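Q: Below are the sequence and a predicted model for it; my questions follow.
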Amino acid sequence: MSGPQDAAETRRARLVLNLRSAGVTDAAVLNAIEKTPRDLFVPHLFKERAWEDSALPIACGQTISQPQIVGLMTQALTLDGRARVLEIGTGSGYQTAVLARIARLVYTVERYRTLLKEAEGRIKQLGLLNVITRFGDGGEGWPEQAPFDRVLVTAAAPEEPTALLRQLKPNGVLVAPIGRGAVQSLRRYVGDGQGGFRVEELGDVRFVPLLAGVAKDL
Ligand code: SAH
């Protein structure tokens, strides 16, 4: 028998296979992605395409990231159930939900009030109680809650995000797309425990820019 339920299962399974071949091998990350209903996070027009491995448009001219990039970035953070994570760029809240299934606490900042409100609704609907949201300029981080074990930036920072690196624990990990052009370099900063960092290049990515200040919603 096949029905809508089976079709949904098949799409999820296909996405997981795709992520594996793209290098997402961490079981906790694959499990979190499989359990997070991406159709809840995309506009109605794109519901049918929610389980495709592609970025899609969301409100306010922003995008929900490609699942394989969500997977690779989450994996690069080397999370565990004790981690307090700061995420910059809540967007749809999809990456937030994936993080929340693995980490202890997720602090997420968004500069569009509309996007943040919608994301909060989805997080609540999924029953994820370990997410704390904030409307503001994430470029400044969240000093009151620092230091963090992990920081994930889901918008392209024009240069090294020094304010965010300062809010990282000595052995923390920060993952961010860095660059001013349409294609940026995904970087991982791993704290050396003494205030310095080892920097690794993880490949090319395409993100919307990290912009200063809060946005005026339309
Ligand atoms: N992680 C998101 C993808 C978001 S796209 C998802 O899974 O859907 C990047 C987001 O970063 C956009 O929503 C954009 O508004 C936000 N953003 C850009 N600059 C920002 C800043 N300085 N502070 C907070 N959010 C910012």
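A: Thanks, I have the structure now.
Q: Run a quick neighbour tally on residue 120.
A: Around residue 120 there are 17 other residues, counting by other Cβ atoms under 10 Å. For glycine as for every other residue, the C-beta is placed from the backbone atoms N, C-alpha and C.
Q: nearest residue to it other than its sequence neighbours?
A: Using Cβ to Cβ, 6 or more residues apart in numbering and skipping residues adjacent in sequence, the residue nearest residue 120 is residue 133, 5.5 Å away.
Q: can you check residue 145 too?
A: Residue 145's closest residue in space is residue 107 (Cβ to Cβ, 6+ apart), at 5.5 Å.
Q: give the contact list for the residue positioned nearest the centre of the chain.
A: The centre of the chain sits closest to residue 95, judged by Cα atoms, centre = their mean, with a distance of 3.5 Å. The neighbourhood of residue 95, defined by Cβ atoms under 8 Å, 6 or more residues apart in numbering, consists of 65, 70, 73-74, 87, 152, 154.
Q: Mind putting those residues into a markdown table with distance to the ligand?
A: Below are the contacts of residue 95 laid out as a markdown table (distance: Cβ to the nearest ligand atom, whole Å):
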| residue | distance to the ligand |
| --- | --- |
| 65 | 5 |
| 70 | 6 |
| 73 | 9 |
| 74 | 11 |
| 87 | 7 |
| 152 | 8 |
| 154 | 4 |
